[in-house]
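S.K.: I would like the atomic coordinates for the input below:
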Amino acid sequence: MGYSLFYNYKGIGDVLLIVFENDLDATKYQKIDDVVAIYHYDKIIGYNIFNISKIIKIHHRGLLLSPIQPLIDIINSILINHSLSPLNIKQDPSFIIGKIIEINQKYCCVDLKSKIIKVATINGIKTNDIVVIFKNHSFTLDGIYHNFGKMDGMIASYRQLGMKECDDVYKINDDELVGKDLFLGEEKWNN
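M.R.: Residues are numbered from 1 along each chain as shown. All right, here's what the predicted structure looks like:
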């Protein structure tokens with residue numbers, strides 16, 4: 001199960017939010033010390049870990065895009081010690097680089113190297129453009145969860161990538177990056 005991590009000390013206090021399903025309403029909570037498990041009936045949809053800075057300092061505000069392994073290990077230790085299920089180590093990226101291979105009135109086909117996906121057609125793109133795809137059931141940088149229905153994702157703009165206040169499509173000029181996670185360093189792309 002995929003998840004997203006959020007931390008904003010100034011905004012909500014010393015709480016690490018772990019979200020699995022943001023489009024489901026919370027129906028019950030289970031508090032164990034500084035950890036709260038959040039459920040939609042019997043399905044776990046998130047965890048809140050309060051006073052996380054007593055264990056690890058997080059110098060970040062907002063969505064943690066590519067959390068480092070030591071942070072995941074600490075989170076999993078906390079969850080296991082509270083008899084809760086740990087996080088998966090490997091996560092699919094939310095923002096992946098793709099190449100537009102077909103455009104029609106309703107959707108575009110995008111090559112991600114490992115598979116071809118369909119995303120909504122938007123203005124300003126053409127065949128062979130290299131773009132960033134924001135995948136379905138993922139979170140934007142501002143923490144908003146998106147469900148694109150039958151589409152596999154959408155083409156990301158500068159604004160959605162937190163780069164500038166502009167809704168133009170962010171394009172990349174490097175075919176070698178197709179299929180890679182946008183926010184991982186290039187040294188990790190070549191592994």
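S.K.: Who are the packing partners of the lengthiest helix in the chain?
M.R.: Identified as the longest helix of the chain according to DSSP state H is helix 69-81. Contact here means 3 or more Cβ pairs under 8 Å, 6 or more residues apart in numbering; DSSP states H and E; on that basis helix 69-81 packs against strand 43-50. (Each C-beta comes from the backbone N, C-alpha and C, glycine too.)
S.K.: which residues in this structure form strands?
M.R.: Ranges of strands in the chain, per DSSP state E, are 4-7, 15-19, 28-32, 35-40, 43-50, 62-64, 95-103, 107-111, 116-120, 130-135, 138-139, 145-146, 153-155, 171-172.
S.K.: Run the angle between the fourth one and strand 28-32 for me.
M.R.: Spelled out, it's strand 35-40. For strand 35-40 against strand 28-32, the angle by axes from the mean of the first three to the mean of the last three Cα atoms, to 10 degrees is 160 degrees.
S.K.: from the middle of its chain, how far away would strand 35-40 be?
M.R.: Relative to the centre of its chain, strand 35-40 is centred 20 Å away, using Cα atoms, centre = their mean, to the nearest Å.
S.K.: what's the burial count for I58?
M.R.: By the criterion of other Cβ atoms under 10 Å, I58 has 17 neighbours.
S.K.: For it, give its distance to Y39.
M.R.: Separation of I58 from Y39 (Cβ to Cβ, to the nearest Å): 25 Å.
S.K.: One more: L141?
M.R.: The value you get for L141 to Y39, if Cβ to Cβ is used, is 27 Å.
S.K.: Now stretch 83-102 - C-alpha only, PDB.
M.R.: Provided in PDB are the C-alpha atoms of stretch 83-102 (Å, rounded to 0.1, in the frame of the first residue of the first chain):
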ATOM      1  CA  SER A  83       1.600  -3.200  17.400                       C
ATOM      2  CA  LEU A  84       0.800  -1.400  14.100                       C
ATOM      3  CA  SER A  85       1.700  -2.500  10.600                       C
ATOM      4  CA  PRO A  86       5.000  -1.000   9.300                       C
ATOM      5  CA  LEU A  87       5.300   1.000   6.100                       C
ATOM      6  CA  ASN A  88       6.400  -0.700   2.900                       C
ATOM      7  CA  ILE A  89      10.000   0.200   2.000                       C
ATOM      8  CA  LYS A  90       9.600   0.500  -1.700                       C
ATOM      9  CA  GLN A  91       7.200   3.100  -3.000                       C
ATOM     10  CA  ASP A  92       6.100   4.000  -6.500                       C
ATOM     11  CA  PRO A  93       6.900   7.600  -7.300                       C
ATOM     12  CA  SER A  94       4.100  10.100  -7.500                       C
ATOM     13  CA  PHE A  95       5.800  12.200 -10.100                       C
ATOM     14  CA  ILE A  96       7.400  10.200 -13.000                       C
ATOM     15  CA  ILE A  97       8.900  11.400 -16.200                       C
ATOM     16  CA  GLY A  98       7.100  10.200 -19.400                       C
ATOM     17  CA  LYS A  99       7.200  10.700 -23.100                       C
ATOM     18  CA  ILE A 100       4.000  11.600 -25.000                       C
ATOM     19  CA  ILE A 101       3.500   9.000 -27.800                       C
ATOM     20  CA  GLU A 102       0.000   9.600 -28.900                       C
END
